[in-house]
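structure for the following, please:
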Amino acid sequence: YLMLEGGTRTQLANGIKDTPDAFYKRLTDPKNPEMRKNEKNLARAYADILPGCQVWLEERGVKFSDKSFTKSGFDTQHPGQYHHVLWHEPGEPKVRPIPGGYMVGMGFMIPLRKYYEGKGGKILFKHKLLDVYRDASGRVVGARIDNEGKIINVRAKKAVVLAGGSWKANKKLRKLTDPRFGEDMFSSGYPYVKSDGSAILAGLRAGAMYIADRGQDRGHMRRKFGTSRYDWNKNSKYGRPGIECDGMRWAQIIFTNKNGDRFIKEVDKTDLGGYWFYDLALEQPGQIIWTIFDDKTAKKNRWSVKEPICEKGYAFSAPTLEELAKTTGQPNLVKTVARYNKFVDAKKDEDFDKPADMLTTKIEQGPFYAVRCVLGVHNLTGGLHINEHGQVLDLNGEVIEGLYAAGETTGGLFHSAAPRCMATGRLAGQWIASH
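Numbers count the residues shown, from 1 in each chain. The predicted structure follows:
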């Protein structure tokens, strides 16, 4: 699914009035903490080009569903209007059926690959960028590439475009975005994709300026339940999907840390009074968080803690709370659950002020379950400084001739990841082709 805005064909078909100007105002809204730091020249170019990206994709073989469209977001971490890419098979990621097929990234990538290769383009798999070359004048003229230990030098006819993603899988560099990112936090896309920041580092070595990440936690982080893999289906060789635990389901569970203590009111909202889930979750010992529930809740939600749903070592069950506490190493769990059950009876949470309408379910019917809530790094927006044409800028704000960047390799713009990759890539491509 793609978060496209500014007056797309699907928006108009669904009665949504939007324009590039209105989209630009949202991208630079001073009251929006996620948007107000966007660079205005880049936001203007982005707002102008993104609305036409739907037709641009369709001209290259991508199909969109005319029968399904998300107008107001999927959940607290996915707000916005999402256009559903239509594909005939589910693929390996999380299965999302829609009328006529499936909503999956394959429907986006495979048609584009076929179109590109049909035009004579070549995609070199297992080739990793190491560096770029500059001539005596400072112009970037080529790239140094590693092909499984073999070094290849490629001369650029017109330009080099750095589009190697962010450094969300680089456990040291990602701390530049948030020093709270722990060593054990997964990165979305892993193990199929490991965004180590190699393209950003190549740009920095060429003299580029780095723009600090200006995004917010909602885009930066994700959580999974019972798995350390992000959105793979149960039949994939890449991982386990885990259980779906969001929204009103939080009325049926509690979160505990490695000691078995609650640490937050279980309400799935982005604002819990100046903080939200991640702010407290990241501060727990070892960033180990358990989701605790009983058999009644498991059956109600059709949750399974066994493979291939949950990953081995990330979900446990036991006939009694005492045994579950011992298995998971939570010394205070029994006491914590007993205290919480009293809050449910009284409809008053004396510890964390969980609202009465969320105090609906006691944890009392065995077997009992403990499922790890695993934190991950998702969409980072720090990267190389570019102008509205995708040209990379140096420490003085001057263009590095011959060097461009796109997508999550760039900084200065916060928006949904896939559209940002596509639109900034188009901006760079159009400028290169016409100059």
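
isn't there a helix covering A325?
Yes: counting by DSSP: H, G, I helix; E, B strand; the rest coil, A325 is part of a helix.

now do it against G260, distance only.
For A325, the distance to G260 (CB to CB, to the nearest Å) stands at 6 Å. C-beta here means a position set from N, CA and C on the backbone, and glycine is covered the same way.

which residues do these two both contact?
331-334 (CB atoms under 8 Å, 6 or more residues apart in numbering).

buried ones in stretch 33-42?
34-35, 37-39, 42 (16 or more other CB atoms under 10 Å).

scratch that, stretch 341-357
Neighbour-count burial for stretch 341-357 [16+ other CB under 10 Å]: 341, 343-344, 349, 352, 354.

any chance you could list what contacts it?
By CB under 8 Å, 6+ apart, the list of residues contacting stretch 341-357 reads 251, 262-267, 339, 359-364.

check the average confidence over that stretch, would you?
Average pLDDT, stretch 341-357: 98.

first vs last residue of that stretch, how far apart are they?
This stretch, stretch 341-357, spans 14 Å end to end (CA to CA, to the nearest Å).

before we move on, what about stretch 110-124?
Using CA to CA, the two ends of stretch 110-124 sit 15 Å apart.

tell me where the stretch 251-400 of the chain has helices.
277-281, 295-301, 321-328, 333-346 (DSSP state H, counting those that start in this stretch).

go through those helices and name the closest to K234.
helix 295-301 (15.9 Å; CB to CB).

who touches the closest one?
Contacts of helix 295-301 (CB under 8 Å, 6+ apart): 243-245, 249, 252-253, 303-305, 361, 363, 365-369.

mind listing what's buried along the helix ranked longest in the chain?
Scanning the chain for the helix with the most residues, using DSSP state H, yields helix 417-434. Buried residues in helix 417-434, counted by 16+ other CB under 10 Å: 417-428, 431-432.

what ranges in this protein fall below the confidence cut-off?
Applying pLDDT under 70 to the chain picks out residues 74.

neighbours of G247, just the number please.
12 (other CB atoms under 10 Å).

ugh, typo on my part, it should be I16
14.

what's the answer for L324, then?
Neighbours of L324 (other CB under 10 Å): 24.

need the contact list for the closest residue to G247 other than its chain neighbours.
Closest residue in space to G247, ignoring its immediate chain neighbours: D268 at 5.4 Å, by CB to CB, 6 or more residues apart in numbering. Contacts here follow CB under 8 Å, 6+ apart; on that basis D268 touches 75-76, 246-248, 250, 277.

over to V95?
102, 233.

H88 - how many residues pack around it?
So H88, with other CB under 10 Å, has 11 neighbours.

now D66
Neighbours of D66 using other CB under 10 Å come to 14.

if I look at it, how far off is E58?
From D66 to E58 the distance is 11 Å (CB to CB).

cool, P97 as well?
When CB to CB is the yardstick, P97 and E58 sit 21 Å from each other.

one more: N301?
38 Å.

let's verify N170: helix, strand, or coil?
Applying three-state DSSP: N170 is coil.

show me what contacts it?
N170 neighbours (CB under 8 Å, 6+ apart): 195-197.

ok, so of these, who is nearest N379?
S195 (10.5 Å).

and that closest one, what does it touch?
Residues counted as contacts of S195 (CB under 8 Å, 6+ apart) are 164-170, 187, 189, 408.

recalculate using a threshold of 10 Å.
S195 is in contact with 164-170, 174, 187-189, 377, 380, 408-409, counting by CB atoms under 10 Å, 6 or more residues apart in numbering.

try S434
Per CB under 10 Å, 6+ apart, neighbours of S434: H389.

if I look at it, how far off is V95?
S434 is 42 Å from V95, by CB to CB.

circling back to that earlier point, what's the spacing between the longest helix of the chain and its chain's center?
20 Å (CA atoms, centre = their mean, to the nearest Å).

one more: stretch 425-435?
That offset, for stretch 425-435, works out to 27 Å (CA atoms, centre = their mean).

using PDB, list the CA coordinates for it.
What follows is stretch 425-435 as a C-alpha-only set of coordinates in PDB (Å, rounded to 0.1, in the frame of the first residue of the first chain):
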ATOM      1  CA  GLY A 425      14.100   9.100  -7.400                       C
ATOM      2  CA  ARG A 426      11.900  10.700 -10.100                       C
ATOM      3  CA  LEU A 427      13.100  14.200  -9.200                       C
ATOM      4  CA  ALA A 428      16.700  13.100  -9.600                       C
ATOM      5  CA  GLY A 429      16.000  11.100 -12.800                       C
ATOM      6  CA  GLN A 430      14.200  13.900 -14.500                       C
ATOM      7  CA  TRP A 431      16.900  16.400 -13.700                       C
ATOM      8  CA  ILE A 432      19.700  14.100 -14.900                       C
ATOM      9  CA  ALA A 433      17.800  13.300 -18.100                       C
ATOM     10  CA  SER A 434      17.300  16.900 -19.000                       C
ATOM     11  CA  HIS A 435      20.700  18.300 -18.100                       C
END
